[in-house]
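Novice: mind looking at a prediction? Sequence and model below.
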Amino acid sequence: MLHSANNLRNEYNDYLIIVNPAQTLKQQIKIHRFSHDAMATVFEILIAHDDERYAKQAAHEAFQIVDKLEQDLSRFIENSDISRINRLKSGEKTRVGGDTYQCLIQCVDLYAITGGYFDVSVGHLMEAWLDDSKHSLQPSTHELELSLALTGLHHLQFDDTAEEITVLHGPVHLDLGGIGKGYAVDSMSLLLQEWELRDYFIHGGRSSLLANGNQPGEDGWQVAIQPPDGVTIEPIVYMLHDEAMSSSGLEKGQHIINPYQGKPIAAKKAAWAVAASATNADALSTAFMLMPMEKIEQFIEKYKAFGGMLIEYNEKKPVVHTFGQWYAEPASAS
């Protein structure tokens, strides 16, 4: 079957979800906490289980998955699958690993359902607006036109049988910064389920989260959401249960590129998304940053399983929008 249709570094999320559920746990069952540096951030796993040694072994295996995915998905690693795709010229193709292929297929699906607002092919635009140190550049009109012409997942063709990707018009520069951590979190969760673990919490850099089962004594895992600096709303508590959450934000720098306008968004805002998978939540928190509010409302009306919150500034005052499956409460109510 043929399908035609960002950096794994933590550069997209200026407003992070503050995650520290261990501080509020009722310790009927021991909570084991493990951390690991990968993808230029810190991944953590919290496992509720009576056998610490077993939990540690499972966490070790899960972290190995993250390391493998980083080698496959990072555009900063020369021999990664993504780097090889980015070097392809028009008409050339390459075979990639199964994880890379499945991740990119999910990127295509999310590109489609968000109407192109989530687009991992914005690498040319990022390079036009940011130097290697993430300092702002001012590209010419000609540079932007060239970059926009090479942006869009419709420039790629996917062959399911061979797990090959062909560049129809390129080179296309992929950047999985908006989805890589979420995909890694989902992959770690699948491994923990294979180990028959039921109650655990995973996060990558405190901005890509997944909760399975419950923390002891609760109906889920408690997450505290810290609003951005200058936002006067109360801190929020969200109880995650068998679902994922992600955050994206822009307070300084030009990190999130609008693929329609071909330039970074300028407005100060922050977005959170909830979904059944961390991959979807990751992508949607980025998309919600870019989509006009009416587009978000239309999206949620069509895809009712998702939810989120958007904070934006209107004449320097924060305006808070919530939509879909979003069930947060003020922190004082917890």
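Specialist: Thanks, I have the structure now.
Novice: grab the nearest non-local neighbour of E92.
Specialist: In this structure, E92 finds its nearest non-sequential neighbour in V167, 5.8 Å apart by CB to CB, 6 or more residues apart in numbering. Bear in mind the C-beta positions are built from the backbone N, C-alpha and C, glycine included.
Novice: number of residues surrounding the closest residue in space to L148 that isn't next to it in sequence?
Specialist: In space, L148 comes closest to G262 once its chain neighbours are excluded; the distance is 4.6 Å by CB to CB, 6+ apart. G262 has 21 neighbouring residues, counting by other CB atoms under 10 Å.
Novice: show me what contacts the residue nearest to E92?
Specialist: Applying CB atoms under 8 Å, 6 or more residues apart in numbering to V167 gives the contacts I85, L88, K89, S90, G91, E92, K93, H155, L156.
Novice: make a PyMOL selection of the buried ones in the residues you listed.
Specialist: To isolate the buried subset of the contacts of V167 in PyMOL, counting by 16 or more other CB atoms under 10 Å, use the following:
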select buried, resi 85+88+93+155+156
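Novice: which one among the contacts of V167 gets closest to A267?
Specialist: Distance to A267, by CB to CB, is smallest for H155 among those, at 28.4 Å.
Novice: need phi/psi at the closest one.
Specialist: Main-chain torsions, H155, degrees, to the nearest 10: phi -80, psi -10.
Novice: and it, how far from E163?
Specialist: 18 Å (CB to CB, to the nearest Å).
Novice: ok, now S121?
Specialist: Applying CB to CB to S121 and E163 gives a distance of 19 Å.
Novice: out of those two, which sits in the more crowded spot?
Specialist: Neighbour tally, S121 and E163, criterion other CB under 10 Å: the higher count belongs to S121, 26 against 17.
Novice: surely the more buried one touches P171?
Specialist: No: S121 is beyond contact range of P171, at 10.3 Å (criterion: CB atoms under 8 Å).
Novice: overlap in contacts of these two?
Specialist: In contact with both S121 and P171: L150, using CB under 8 Å, 6+ apart.
Novice: ok, the closest residue to P139 other than its chain neighbours - how many residues close by?
Specialist: Excluding the flanking residues, the one nearest P139 by CB to CB, 6+ apart is A128, at 4.1 Å. Neighbours of A128 under the rule other CB under 10 Å: 20.
Novice: thanks a lot, see you next time.
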